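Colleague: Make a model of this:
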Amino acid sequence: MFTVADNLAWLLLEQALRERFIAFYDGIIPLVNNNGEEHPLIAPNFDVVAEAFRRGDYRRGSWSLQISSGDTMKFRASLSQLQRLGTTGTSPRWSRNKTLFDPIFLNRRNSVAHSYCHLLVSFDDSACTIREIAEIINRLGGHYTPGGRLYPAPLKREIFILGWIEEVGKRIKYNLSLSFSQLTTFDEPADWQCIIIWP
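Modeller: Residues are numbered from 1 along each chain as shown. Purely as a prediction, here's the structure:
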């Protein structure tokens, strides 16, 4: 069952890329033919796009997709093209991860979708796959993942208090460290000296 979960996760990534593609273009895919003529494809879901290129009006000829920047790219509705589009932010981490992992993810998905023999994976492998794909899907939706590896959310910053008591001769007697929320219940009687660390 760990292998089944791992395999389905790779197919889920493809579905997420398809959903993001349709949402990004708001269901109207701006396609251009060889002559530069615009032929927008009305597509409420990706099945319409796939069918148009498989058996519909777009199955013949060379088609390009108008990218938001005004450029175009050759388009046949393949997974590798959906990956290349990168219809999320253009942060350095996003670009780096796409360069490093897109070929691996594409090969992994293809081996799942087009192979009759699947390598058995362990619980740890399956959990790692699901977590990484969840991070990619979060990022496709414009979000980072707290504690993530590929697209981690910013660390939570809190006010921190360091305190100590000094005896005669400047010898430190006690040390303490508190978060700001702990300070409200701290009632140790002594002549504490403190430093407030503001991140």
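Colleague: Tell me which residue is most central in this protein.
Modeller: residue 136 (2.5 Å; Cα atoms, centre = their mean).
Colleague: Please tell me how far residue 65 sits from residue 180.
Modeller: To residue 180, residue 65 is 51 Å away according to Cβ to Cβ, to the nearest Å. All C-beta atoms are positioned from the backbone trio N, CA, C, and that covers glycine.
Colleague: Please say which of the two ends up with more neighbours.
Modeller: Of the pair residue 65 and residue 180, residue 65 is the one with more neighbours under other Cβ atoms under 10 Å, namely 20 against 13.
Colleague: which intervals of the chain have sub-threshold pLDDT?
Modeller: The chain contains residues with pLDDT under 70 at 68-69, 86-101, 116-117, 168-174.
Colleague: All the helices of it, in order from the start?
Modeller: Taking DSSP state H to define them, one finds helices in the chain at 2-24, 46-54, 79-85, 92-113, 123-140, 180-183.
Colleague: right, and those helices - which one's nearest residue 30?
Modeller: Judged by Cβ to Cβ, the one of the helices of the chain that comes nearest to residue 30 is helix 2-24, at 10.9 Å.
Colleague: Mind giving me the packing neighbours of the closest one?
Modeller: helix 46-54, helix 79-85, helix 92-113, helix 123-140 (3 or more Cβ pairs under 8 Å, 6 or more residues apart in numbering; DSSP states H and E).
Colleague: In CSV, list those along with distance to residue 146.
Modeller: Below are those laid out as CSV (distance: least, Cβ to Cβ, whole Å):
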stretch, distance to residue 146
helix 46-54, 30
helix 79-85, 25
helix 92-113, 15
helix 123-140, 10
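Colleague: Can you check which of the ones you listed gets nearest to residue 160?
Modeller: helix 92-113 (27.0 Å).
Colleague: Reformat the helices of the chain as CSV; add distance to residue 150.
Modeller: Formatted as CSV, the helices of the chain follow (distance: least, Cβ to Cβ, whole Å):
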stretch, distance to residue 150
helix 2-24, 12
helix 46-54, 24
helix 79-85, 14
helix 92-113, 5
helix 123-140, 5
helix 180-183, 31
